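Colleague: predicted model and sequence below, questions to follow.
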Amino acid sequence: MNYKEVFPLDNYTIERSMTFIQESLSKLHVGKREKIKTELLCEETIAQLIANAPTDSTLQVQIKKGLGQTSVNLKMNGEEFDISSDASLLGIDPDETESTDAIRSIVLMSFGDNYKQTHEKGQNKVRIVVDGAKQSLYFTLFALVLGVAFGLALKYLIPEMASDVICNYLLVPFKTVFMNALKMIIAPVVFLSIITSFSQYGSISEFGKLGAKVMGFYFFTTICAVLLGYAVFHVIQPGEFGFALGGNIESFEIALDADTSVLNTLINIVPSNFLSPFLESDTLQLMFLAAICGVALGMIGEHATILRDIFVSLNSLFLTITRLITKAMPLAVFCSMSILVRTVNTSTFGHLVSGVGTQLITVVLMMTTYGLIILLVARLNPLTFFKKIKEGRLTSFTLSSSSAAMPTNMKICTDKLGISPKVCNFSIPLGATVNMDGTCIFLSVMGLFLARAYGIDVTASQLLPLAFTIILLSLGAPGIPGIGIICMGIVLNVLNVPLDAISLIIGINPLIDMVDTANNTTGDMAISLVVAKLEKLLNVEKFNS
């Protein structure tokens, strides 16, 4: 569907164009929350376009919907402008920030590929993508339930011959194509995402004292999440060793290098040449190159503008390809669950439940860790904190997106927790980008669970590179639907587990992702509260009221 209109420049351009945008989004049945967010962003952007346009210009507005994605496209002649130079457009007060430029960069990065601005041949062009994460989630959950029902039908109702034909010629081929597409996209997405993420910063010093504290706490909780995942998994030991192989563990033995010591692992992270990590699919070396290239780009400064633009463009290209691939996620979930229910026995489901249970127990312990940090460091009541952020956790759980829940969480921080905008305008967008404790728990617990399922004994020396990989992924992985599964492909590569193991959890991943996202945003708000208290930027009376 496509709605298009041209508005001449006069005193009523903003009013008429916004009415057109509102009516068009309503016709396309955009959700209330996404509609309000898009309208606010469009109104401020149109004001910027008009401010930089000659008096005889016209504003072109186009609202398109295709492949389940709605976008608002704005075009207007005028001088080039940088949206990040206008703090008010991003909801930032320059007088209340120590490092306004860094914060603007983080806020823009949190929008990701949903906001794109270009200037070509004297014309400013802006593209705003309406976030449809909630709709995609509902489709995936529906596919999960439908897959279970269809799998039971294949197993107990449909004749065996017909069931075999459906599986072998419909379900399995599509699942194979989807898994191959994931394999194709993993390396470029992670490599380019980490480069563009790290290049935004340059060095932690640019954030100042406030930023250093926020990043320090985020890094601390990330390490806690990984260690908790390790500890809980090794205590519970979910699932029978090799259950995914039907007891034939010898059929999947992988030869490891003779020297798997921690020292050798650390030494081998640095490649002997730049191309070998790509040619040999060495995950750790690939991530090391991405991180060091990203930091170097940030340090070069203005001379790296062209190079950074190239990486950002390539990153946008591969993220768009990823979005196209993950559009098929509901169908892939349906196929995987149907095959899983038809082929596995009841005990296998029991093993899967134990793995998910281990994940949930670890999340509960991580929530307890946030409470202890609030109690011991900030000297505040953690029960008050958890009571006041219920709306934010529910929003994060429902939308399954830290970025989509960001406006709600920032409002909770200021209105209910009493945190100064000086802190939460910085920490919440930054947390939506780099603080993914729930994702770290998912990657550590479920990564080890899948290794155990395929009869692979993970040695102590492999845990360090695994932790390094998970931490880097949490810092640089893009916040888009399906990225947890893509990151899991990297983790399985480190553990020498076949990528096909993902099919065991792809069906239940949407539910796990909802819990992990709620954990992520809880950590963002908890750290915001602690830093605000330490910096004396917290209204304690409002928090306790």
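Modeller: Yep, that arrived.

Colleague: contacts and neighbour counts: CA atoms only from here.
Modeller: Will do.

Colleague: where in the stretch 1-150 of the chain is pLDDT low?
Modeller: Along the stretch 1-150 of the chain, segments meeting pLDDT under 70 span 67-68, 82-113, 131-137.

Colleague: and the helices in it?
Modeller: Ranges of helices in the stretch 1-150 of the chain, per DSSP state H, counting those that start in this stretch, are 13-27, 32-51, 100-111, 133-156.

Colleague: and for residue 325, the neighbour number?
Modeller: Neighbours of residue 325 under the rule other Cα atoms under 10 Å: 16.

Colleague: wait, it sits on residue 181?
Modeller: Yes - counting by Cα atoms under 8 Å, residue 181 is a contact partner of residue 325 at 7.0 Å.

Colleague: bridging residues for residue 538?
Modeller: Beta-bridge partners for residue 538, by DSSP bridges, are residue 419.

Colleague: a markdown table for the helices of the stretch 1-150 of the chain, including mean neighbour count and distance to residue 396?
Modeller: Output for these, formatted as a markdown table (neighbours: other Cα atoms under 10 Å; distance: least, Cα to Cα, whole Å):
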| stretch | mean neighbour count | distance to residue 396 |
| --- | --- | --- |
| helix 13-27 | 16 | 23 |
| helix 32-51 | 16 | 13 |
| helix 100-111 | 21 | 15 |
| helix 133-156 | 19 | 10 |
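
Colleague: got CSV for those helices, with distance to residue 436 too?
Modeller: CSV is the format used below for those (distance: least, Cα to Cα, whole Å):
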stretch, distance to residue 436
helix 13-27, 32
helix 32-51, 23
helix 100-111, 13
helix 133-156, 18
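
Colleague: between the ones you listed, which one is closest to residue 432.
Modeller: Proximity to residue 432 (Cα to Cα) singles out helix 100-111 among these, at 6.5 Å.

Colleague: quick one: least confident helix or strand in the protein?
Modeller: One helix or strand of the chain scores below all others by mean pLDDT, DSSP states H and E: helix 100-111, with a mean of 54.

Colleague: relative to residue 535, which of the helices of the stretch 1-150 of the chain is closest?
Modeller: Comparing the helices of the stretch 1-150 of the chain by Cα to Cα, helix 100-111 comes nearest, at 17.4 Å.

Colleague: returning to that earlier point: what's the closest of the helices of the stretch 1-150 of the chain to residue 126?
Modeller: In terms of Cα to Cα, the element of the helices of the stretch 1-150 of the chain nearest to residue 126 is helix 32-51, at 8.1 Å.

Colleague: now the angle from the closest one to helix 133-156?
Modeller: Counting by axes from the mean of the first three to the mean of the last three Cα atoms, to 10 degrees, helix 32-51 points 140 degrees away from the direction of helix 133-156.

Colleague: out of the helices of the stretch 1-150 of the chain, which is closest to residue 189?
Modeller: Evaluated over the helices of the stretch 1-150 of the chain, closeness to residue 189 peaks at helix 100-111, with 15.7 Å, by Cα to Cα.

Colleague: may I see the buried residues of the strand or helix carrying residue 229?
Modeller: If you go by DSSP states H and E, residue 229 is part of helix 208-236. For helix 208-236, a neighbour-count test (16 or more other Cα atoms under 10 Å) marks 210-211, 213-215, 217-219, 221-230, 232-233 as buried.

Colleague: how near is residue 163 to residue 308?
Modeller: 52 Å (Cα to Cα, to the nearest Å).

Colleague: hmm, I typed the wrong one, I wanted residue 513.
Modeller: From residue 513 to residue 308 the distance is 31 Å (Cα to Cα).

Colleague: neighbour count for these two, which is higher?
Modeller: The neighbour count for residue 513 versus residue 308, taken as other Cα under 10 Å, is higher for residue 513 (24 against 20).

Colleague: now do the helix or strand residue 178 falls within: which elements does it pack against?
Modeller: Residue 178 belongs to helix 172-199 when assigned by DSSP H and E. On a contact count with 3 or more Cα pairs under 8 Å, 6 or more residues apart in numbering; DSSP states H and E, helix 172-199 meets helix 283-300, helix 305-326, helix 329-343, helix 460-476, helix 483-494.

Colleague: in the second one, what's buried?
Modeller: Of the residues in helix 305-326, those with enough neighbours to count as buried (16+ other Cα under 10 Å) are 308, 311-312, 314-316, 318-319, 322-323, 325-326.

Colleague: could you dump the residues you listed into a markdown table with distance to residue 299 and pLDDT added?
Modeller: Output for those, formatted as a markdown table (distance: Cα to Cα, whole Å; pLDDT from 0 to 100):
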| residue | distance to residue 299 | pLDDT |
| --- | --- | --- |
| 308 | 12 | 78 |
| 311 | 15 | 83 |
| 312 | 16 | 77 |
| 314 | 20 | 85 |
| 315 | 20 | 78 |
| 316 | 22 | 77 |
| 318 | 25 | 81 |
| 319 | 25 | 73 |
| 322 | 29 | 76 |
| 323 | 31 | 73 |
| 325 | 34 | 79 |
| 326 | 34 | 73 |
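
Colleague: tabulate these in CSV, adding columns for distance to residue 529.
Modeller: CSV is the format used below for the buried residues of helix 305-326 (distance: Cα to Cα, whole Å):
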residue, distance to residue 529
308, 34
311, 35
312, 33
314, 37
315, 33
316, 33
318, 36
319, 33
322, 35
323, 34
325, 38
326, 35
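
Colleague: and of the residues you listed, the nearest to residue 35?
Modeller: Taking Cα to Cα as the measure, residue 35 sits nearest to residue 323 out of those, at 20.7 Å.

Colleague: chain center to stretch 434-443, what's the gap?
Modeller: Centroid separation between stretch 434-443 and its chain, computed with Cα atoms, centre = their mean, to the nearest Å, is 9 Å.

Colleague: and if you look at stretch 121-133?
Modeller: The answer for stretch 121-133 is 21 Å, by Cα atoms, centre = their mean.

Colleague: okay, it in CSV with CA atoms only?
Modeller: Output in CSV follows, covering the C-alpha atoms of stretch 121-133 (Å, rounded to 0.1, in the frame of the first residue of the first chain):
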residue,chain,number,x,y,z
LYS,A,121,21.6,16.9,-5.2
GLY,A,122,20.4,19.6,-2.9
GLN,A,123,17.6,17.5,-1.4
ASN,A,124,17.2,16.2,2.1
LYS,A,125,15.7,12.8,2.4
VAL,A,126,14.5,11.1,5.6
ARG,A,127,13.2,7.6,6.0
ILE,A,128,11.5,6.5,9.3
VAL,A,129,10.6,2.8,9.7
VAL,A,130,7.6,2.1,12.0
ASP,A,131,8.6,-0.6,14.5
GLY,A,132,6.5,-3.7,14.0
ALA,A,133,8.1,-5.9,16.6
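
Colleague: mind checking the SS state of residue 271?
Modeller: Recorded secondary structure, residue 271: coil (DSSP: H, G, I helix; E, B strand; the rest coil).

Colleague: quick check, it in contact with residue 285.
Modeller: Yes - when contacts are counted by Cα under 8 Å, residue 271 is listed as touching residue 285 (5.9 Å).

Colleague: distance check, the closest residue to residue 529 other than its chain neighbours against residue 56.
Modeller: Residue nearest to residue 529 in three dimensions, not counting chain neighbours: residue 419, with 6.4 Å by Cα to Cα, 6 or more residues apart in numbering. Going from residue 419 to residue 56 by Cα to Cα gives 45 Å.
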